[in-house]
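Colleague: need a structure here:
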Amino acid sequence: LDGLTLRTGIYTCLFASHGHVYDTAQATWFSTDNVMDFWEDVLQTEADEIAQKLEQWACMADLDEHETVQNRQRVCTRLLNSGLRTIAKQHNIHINYTNFNIAMKDKLTIDLKGWPEGVLFQSPTSINDLKALLKVCDALKDGSCHWYCMSPCQLEYYAAKLAACRKKGEVIGKPHKKHADAGVPCKCKEKENAPLRKQVQAAGSSMQAPKSVEYIDMTDEDTSEEEV
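Modeller: This next block holds a predicted model:
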C-alpha cells in the first residue's frame, strides 16, 4: 500500500478484525500518509475506536442472518443508493424505479448498466426471491452492475427513442396520481388574498382599550379654593 501511494498518490486506510470471539487475532488498522486524520478531523472518531467497533460488530453478527431476504434487500438498497449518490454528487437523491426512464435517464442523464438477466428491474424491497436478490447483490459488489453517466450520443439516441414513442401515443412512465383536493383553493392562499383592511382590524382588535380612571385625585389648588 505504501508503494501504491508513492506511485499513484492514492490515500488508503485499512481496518481488519477477527470474525469470532475465539479467534486470537487482534483488531488493527493501517493507513498511508496522514489519511487517518480524516476520521478525527471530519468524523471526530479515532482509528482505535473504529477498529474496536468493527471487532464488536464482526463478533456479534450472525453469518446465517446475512442470507435472509430482508438483509439482502437492505444490502442491495444501500449499494444502489450509495453508487447513485457518488456518481450524481448529491446526498439527497433517491432512485425513481417507477419512472426510471424519465426521472433518471432523461432528466439526470444517469443510467444503470448490468442489471442481472432474469430479474425484473424494480426496487430490491419489492423482490422477495432470495436467489434473485443474491444475483443483484453479487452484480453490485463485483461491479458488473453499476451506474454511469450517459454520453452525448447515448442521450441523443435516447431522446429520439422517447420522441418516437410519444409520437405513437405510448405513455412513457407512470403518471402521478392526482390529489384528492385537486382544484380546491388552498386555505393559505385565501388568507393571503384577504383584504388588507380586515388584517389591520384583526391586528387592532388584539390591542387592549385604555382603562378608565374611576377616581380623580383632587389637587391642593382645588381644595384651597373650596375652603375660601
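
Colleague: Then residue 112 would be within a strand, right?
Modeller: Yes: under DSSP: H, G, I helix; E, B strand; the rest coil, residue 112 sits within a strand.

Colleague: Which parts of the chain are strands?
Modeller: 13-16, 28-31, 110-113, 146-149 (DSSP state E).

Colleague: So which of those strands is nearest residue 39?
Modeller: strand 13-16 (7.8 Å; Cβ to Cβ). To be clear about C-beta, it is placed using only N, CA and C from the backbone, and glycine gets the same treatment.

Colleague: and the gap between the spatially most central residue of the chain and residue 99?
Modeller: Closest to where the C-alpha atoms of the chain average out (Cα atoms, centre = their mean) is residue 92, at 3.6 Å. Using Cβ to Cβ, to the nearest Å, we find residue 92 at a distance of 18 Å from residue 99.

Colleague: same deal with residue 120?
Modeller: Distance of residue 120 to residue 99, given as Cβ to Cβ: 16 Å.

Colleague: out of these two, which sits in the more crowded spot?
Modeller: The neighbour comparison of residue 120 against residue 99 (other Cβ atoms under 10 Å) goes to residue 99, with 16 against 9.

Colleague: Quick check: pLDDT value at the more buried one.
Modeller: Note on residue 99: pLDDT of 86.

Colleague: Make 882 the first number, not 1, from now on.
Modeller: Fine by me, first position is 882 from now on; the one you just mentioned is residue 980.

Colleague: Could you pull up phi and psi at it?
Modeller: phi -110, psi 50 (degrees, to the nearest 10).
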